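1. kindly generate the corresponding structure for this input.
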Amino acid sequence: MRRLAGLLVVPLLLLSTAACGSDDKGSDSASMKNGLPAITAGEKFGEKPTLAKGEGDPPKELKVNVISEGKGAVTKKGDALQVNYLGQAWDSTTPFDNSFDRGQPFDLTLGAGQVIKGWDQGLEGQKVGSRVEIGIPPELGYGAQGQGDIKPNATLVFVVDILKAVTIPKSATGTPVAQDDKDLPKVGTNTDGKAPSLTVPKTDPPTKLVSNYVLESNGEAVKATDTVVVNYVAALWKDGKVFDSTYATGKPANFPLANLTLKGLKDGLVGKKIGSRVLIVAPPSEAFGNEEKQGIPKNSTLVFAVDILTKM
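-> Have a look, this model is predicted:
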């Protein structure tokens, strides 16, 4: 995400035809299998794995080993994925990150650039229910700059369980709802996947949270614990200026609502139906208050047009 990235608390991994690398399986040993570090404990899908330290020179290209193949759909670019994972540097025996200990799977949109390139490439074309091990060279990981505990030019090894894959619709759909309050913004009702128009009136903003349907679908209601996949346009009430939009890059955003710290946006989405388009107006008390955040002036009323495309 762009400016709104700071609203989410995200795992380390986010701060950044299936590729398969070389067919050379390499020589197996107690600590190596098919050219990648062996899983020495917790090998089954769903178990937290333990990885051996890599031996010899790491692969120079992306390498993907299918540890166990699932029976679900084949993942494709643009799918919303939910996974568990463990990541470790090639020359280490200590993981730098994993979702198993958090007890919370990780959500991403495949091919949207939300994760390192090695993930986007290595997870495409795999079946849901699979466990895969991915060896990622530096240029497809964190490169020469490194990241946190990850050293510069590190080769990374991940074990990933693919829990779910969901096809993301291009737009919200549903019944248009009358927008007859002249004192509220008007949102377009197009369903072609392009950004809807968002027109802010030249009146005083509301002092309480507004969350209204623009298009109302018949999907299930969003819960506060859901991760939703959305497209949105975000603007300032003061001048109607758009400060963020997923449509600019064509890449929907994943909102794990439990981690969403912009209260008005979270509260405006909870209870609304999946597949709908919603107008949310968040007064300062439901947004950033009297603090300037990421170029957004203090005491700003924020306006969102949000397509709730799907949930994980």
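2. the helix or strand of the chain with the lowest mean pLDDT: partners in the sheet, and parallel or antiparallel?
-> When the helices and strands of the chain are scored by mean pLDDT, DSSP states H and E, strand 32-33 comes last with a mean of 86. With DSSP bridges as the test, strand 32-33 is paired with strand 36-37 (antiparallel).
3. who touches the strand it pairs with?
-> 26, 31, 51-55, 59, 63, 65, 88, 90, 133, 135, 157 (C-beta atoms under 8 Å, 6 or more residues apart in numbering). (Each C-beta comes from the backbone N, C-alpha and C, glycine too.)
4. which of these are buried?
-> Listed as buried from these are 51-55, 59, 63, 65, 88, 90, 133, 135, 157; burial here means 16 or more other C-beta atoms under 10 Å.
5. quick one: which of those residues is nearest Leu260?
-> Nearest to Leu260 among the buried ones among the contacts of strand 36-37 is Gln88, at 29.4 Å by C-beta to C-beta.
6. would you mind measuring from that closest one to Ile168?
-> 30 Å (C-beta to C-beta, to the nearest Å).
7. let's have the buried ones among the contacts of strand 36-37 in a markdown table, adding pLDDT.
-> Listed next are the buried ones among the contacts of strand 36-37 as a markdown table, based on pLDDT from 0 to 100:
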| residue | pLDDT |
| --- | --- |
| Leu51 | 97 |
| Ala52 | 96 |
| Lys53 | 96 |
| Gly54 | 95 |
| Glu55 | 94 |
| Pro59 | 93 |
| Lys63 | 97 |
| Asn65 | 97 |
| Gln88 | 97 |
| Trp90 | 97 |
| Glu133 | 98 |
| Gly135 | 97 |
| Val157 | 97 |
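8. adding distance to Gln121 and secondary structure, write those out as CSV.
-> Below are the buried ones among the contacts of strand 36-37 laid out as CSV (distance: C-beta to C-beta, whole Å; DSSP: H, G, I helix; E, B strand; the rest coil):
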residue, distance to Gln121, secondary structure
Leu51, 20, strand
Ala52, 24, coil
Lys53, 24, coil
Gly54, 20, coil
Glu55, 24, coil
Pro59, 13, coil
Lys63, 11, strand
Asn65, 14, strand
Gln88, 19, strand
Trp90, 18, coil
Glu133, 14, strand
Gly135, 12, strand
Val157, 15, strand
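9. so Gly118 sits against Ile136, correct?
-> Yes - with contact defined as C-beta atoms under 8 Å, Gly118 counts as touching Ile136 (3.2 Å).
10. overlap of the contact sets of the two?
-> What both Gly118 and Ile136 touch, as defined by C-beta under 8 Å, 6+ apart, is the set 62, 156, 158.
11. nearest to Asp180 among those?
-> For the shared contacts of Gly118 and Ile136, the nearest to Asp180 is Phe158 (51.7 Å; C-beta to C-beta).
12. farthest-separated two in the contacts of strand 36-37?
-> Greatest spatial distance in the contacts of strand 36-37: Gly26 and Gln88, 17.6 Å, computed using C-beta to C-beta.
13. any idea what sits nearest Pro152, other than its immediate chain neighbours?
-> Computed as C-beta to C-beta, 6 or more residues apart in numbering, the closest residue to Pro152 that is not its neighbour in sequence is Gly146, at 4.2 Å.
14. number of residues surrounding that neighbour?
-> Using other C-beta atoms under 10 Å, Gly146 is surrounded by 15 other residues.
15. can you pull out the low-pLDDT segments for the chain?
-> Where the chain drops to pLDDT under 70, the residues are 1-30.
16. for the residue nearest to the spatial centre of it, give its distance to Glu69.
-> Centrality entry for the chain: nearest residue to the mean C-alpha point is Leu108, 3.5 Å, by C-alpha atoms, centre = their mean. The gap separating Leu108 from Glu69 is 21 Å, by C-beta to C-beta.
17. before we move on, what about Ile168?
-> 24 Å.
18. pretty sure Gly122 sits in a helix.
-> Yes - counting by DSSP: H, G, I helix; E, B strand; the rest coil, Gly122 is located in a helix.
19. neighbours of the closest residue to it other than its chain neighbours, just the number please.
-> Nearest residue to Gly122, sequence neighbours excluded (C-beta to C-beta, 6+ apart): Ile134, at 4.1 Å. Applying other C-beta under 10 Å, we find 26 other residues in the vicinity of Ile134.
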